[in-house]
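**Q** The sequence and its predicted three-dimensional model are supplied below.
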Amino acid sequence: MEQKDWNYEQPELRAKVANLQQENEILRQDLKNLTEAYYGLINRIKKLSEEKLDNANIQIQEQSDR
């Protein structure tokens with residue numbers, strides 16, 4: 001059975017770890033940006049839906065007043 005050499009002082013392993021840490025940070029930032037955009041869209045849809053509902057209620061009231 002082959003034994004792994006987990007000595008992180010090896011330059012190749014240090015480079016791989018650094019690359020993975022950098023990629024992880026990029027993905028975290030990307031996820032943060034996507035989450036902010038997602039919640040922004042949800043809030044915008046909610047606002048537009050509420051406005052549409054309010055406009056519909058106003059039109060119904062105007063028709064019932066006639």
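**A** Sure thing, it's come through.
**Q** Show me the residue at the heart of this structure, geometrically.
**A** Thr35 (1.9 Å; C-alpha atoms, centre = their mean).
**Q** Work out for me the element it sits within.
**A** Using DSSP states H and E, Thr35 sits in helix 11-65.
**Q** pLDDT (mean, whole number) over that helix?
**A** The pLDDT scores in helix 11-65 average 88.
**Q** Report the distance from that helix to the chain centre.
**A** Offset of helix 11-65 from its chain centre (C-alpha atoms, centre = their mean, to the nearest Å): 6 Å.
**Q** burial of Trp6, as a residue count?
**A** A count of neighbours around Trp6, defined by other C-beta atoms under 10 Å, yields 7. The way it works is simple: take the backbone N, C-alpha and C, and place the C-beta from them, glycine included.
**Q** swap that for Arg28, please
**A** Using other C-beta under 10 Å, Arg28 has 10 other residues around it.
**Q** got it, and Asn55?
**A** There are 10 residues near Asn55, going by other C-beta under 10 Å.
**Q** Okay, it and Leu48: tell me how far apart.
**A** 10 Å (C-beta to C-beta, to the nearest Å).
**Q** likewise Ala18?
**A** To Leu48, Ala18 is 45 Å away according to C-beta to C-beta.
**Q** repeat for Glu23
**A** Distance, Glu23 to Leu48, using C-beta to C-beta: 37 Å.
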